[in-house]
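> I would like the atomic coordinates for the input below:
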Amino acid sequence: MKGVLRWTVLLVFVALSLLPFVYMLAFSLKSASEIFSGSLGILPQSVEGLNNYPAALQAEPLLRYLLNGVIVCAGILIFQLIFAIPCAYAVAKLRFAGRTLVFGLVLFGLLIPVQATALPIYLGLAGVGLLDTYMSLIVPFVASAFGIFLFRQFIKTIPDELLDSARLDGCNEFSVVLRVVAPLTLPTATAFGIFSVVSHWNDLFWPLIVLRSPELNTPPLGILAFRSAEAGDRYGELMAGTVIITAPLVVAFLLAQRRFVEGLSLGALKG
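Below you'll find the predicted structure:
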């Protein structure tokens, strides 16, 4: 009985979570007259709404926005991994004065919202002439406190004997990280990659501040282009564009689902 109740509650929460996406897809297939008819039906009444997708691609360079999103998210993730794994290894396995303080600062960094540091980072980027560039979207996020914490929790579960054997084979600490630790963290890196990509792919706050050139627009900024104060919002095209921009995230998660679950179940979130 408890099992049935548990599954019922889970299915209800899943249905509520998927409902906005179902209506997003449904509205992307409906004409303007159907959308404004007040009906809550999911299935479209005609095929006229299929024109929303080519219209969305013609109205805005969505493929360019998708490419910008890939460049920014990939750049951020690569640098985050380069910084997070060695830092996590040092905090988890090396003995040095102030290690507890350093880890405490990492935890403190988890509490600081990006909005709190937006102004000094903006002024710093303006001072070195990096505003309105890809670098202005990547540089502020290359050091991730969450990434260091996540990898540290996993690296703590790696046996010290394995690391000692690598040192006996002549590996220095850099080689230990590169040849032993980094390959073992692949599931955790996949899980962290999902968190990182989803967060920065959907980020509207920071690109809206630092970008001025339309050709550098990220996917969320591209969606804003469908808003029109004179003609009203083009809801059919807007929903079609949203589906196009959301689809890569869904596909990426489905492909990495096993690694994602594995990364969270290997002790990465355990103390």
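> most remote residue from this structure's center?
For the chain, the residue at maximal distance from the C-alpha centroid (CA atoms, centre = their mean) is residue 168, at 38.9 Å.
> Can you check the pLDDT for that one?
What the model reports as pLDDT for residue 168 is 88.
> for residue 212, same thing?
If you check residue 212, the pLDDT there is 91.
> Equivalent analysis for residue 261, please.
We have a pLDDT of 65 for residue 261.
> Now tell me which helix or strand of this structure has the poorest mean pLDDT.
None of the helices or strands of the chain scores lower by mean pLDDT, DSSP states H and E than helix 257-265, at a mean of 65.
> and this protein, what are its domains?
The record's domain split for the chain, according to automatic domain parsing, is 1-46, 52-265.
> what's downstream of the lengthiest helix in the chain, the next helix or strand?
Longest helix of the chain, by residue count under DSSP state H: helix 62-93. Of the helices and strands lying after helix 62-93 in sequence (DSSP states H and E), the nearest is helix 99-110.
> List the contacts of the following helix or strand past that next one.
Remark: after helix 99-110, the chain's next helix or strand is helix 118-127, criterion DSSP H and E. Residues outside helix 118-127 that contact it (CB atoms under 8 Å, 6 or more residues apart in numbering) are 131, 136, 139, 140, 205, 206, 209, 210. For every residue, glycine as well, the C-beta is placed using N, CA and C.
> 10 Å instead, please
114, 117, 130-133, 135-137, 139-141, 205-206, 209-210 (CB atoms under 10 Å, 6 or more residues apart in numbering).
> so of the domains of the chain, which one's packed in deepest?
Mean neighbour count (mean count of other CB atoms under 10 Å) peaks for domain 52-265 among these, with a mean of 16.
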